[in-house]
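1. Quick one, what's the 3D model for this:
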Amino acid sequence: MAKFRAASSRALLTTVEYAEIRGCSPRTIEHERQQGTGCRFLKINGQVRYRQEDIDGFLAAAERVSTREGAK
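-> Residues are numbered from 1 along each chain as shown. Next up is the predicted model:
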């Protein structure tokens, strides 16, 4: 039970908040989610939420050192 409380005490971000972090529109986030190319997300009672650790992982996977570098 303590593990559940610890996990639930972390903030879950909305699509708008996540878009602000990414510097893009919420529609871009929605499109990526629909295409299956975006960040992992949770759907709780019909509402989409993002965990900070999932956002961090998604952004880390997108890191490149060259424009010639392919997708990982």
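
2. For the rest of this, base every contact and every neighbour count on C-alpha atoms.
-> Will do.

3. lowest-confidence helix or strand of the chain?
-> Every helix and strand of the chain was ranked by mean pLDDT, DSSP states H and E. The lowest is helix 2-8, at a mean of 49.

4. all helices for the chain, in order.
-> All helices of the chain, identified by DSSP state H, fall at 2-8, 15-22, 26-35, 52-61.

5. mean pLDDT for those: which is lowest?
-> Out of the helices of the chain, helix 2-8 stands lowest, with a mean of 49 (criterion: mean pLDDT).

6. just to revisit the earlier point, closest to residue 46 out of the helices of the chain?
-> With C-alpha to C-alpha as the criterion, residue 46 lies closest to helix 15-22 of the helices of the chain, at 12.9 Å.

7. Could you write out the alpha-carbon coordinates of the closest one in CSV?
-> The C-alpha coordinates for helix 15-22 follow below in CSV (Å, rounded to 0.1, in the frame of the first residue of the first chain):
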residue,chain,number,x,y,z
THR,A,15,-1.6,17.1,-22.4
VAL,A,16,-1.4,20.9,-22.3
GLU,A,17,1.3,20.8,-19.6
TYR,A,18,3.3,18.2,-21.5
ALA,A,19,3.0,20.3,-24.7
GLU,A,20,4.4,23.3,-22.8
ILE,A,21,7.4,21.2,-21.8
ARG,A,22,7.9,20.1,-25.4
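
8. Quick one: residues in contact with it.
-> 25-26, 28-30, 48-50, 55 (C-alpha atoms under 8 Å, 6 or more residues apart in numbering).

9. how does it look with 10 Å?
-> Here helix 15-22 makes contact (C-alpha atoms under 10 Å, 6 or more residues apart in numbering) with 12-14, 23-30, 39, 41, 47-52, 55, 59.

10. picking up where we left off before, out of the helices of the chain, which one sits most buried?
-> Per-stretch averages of neighbours, counted by mean count of other C-alpha atoms under 10 Å, single out helix 15-22 among these, with a mean of 16.

11. chain center to that helix: distance?
-> 9 Å (C-alpha atoms, centre = their mean, to the nearest Å).

12. Also stretch 40-55?
-> Distance of stretch 40-55 from its chain centroid, counting by C-alpha atoms, centre = their mean, is 7 Å.
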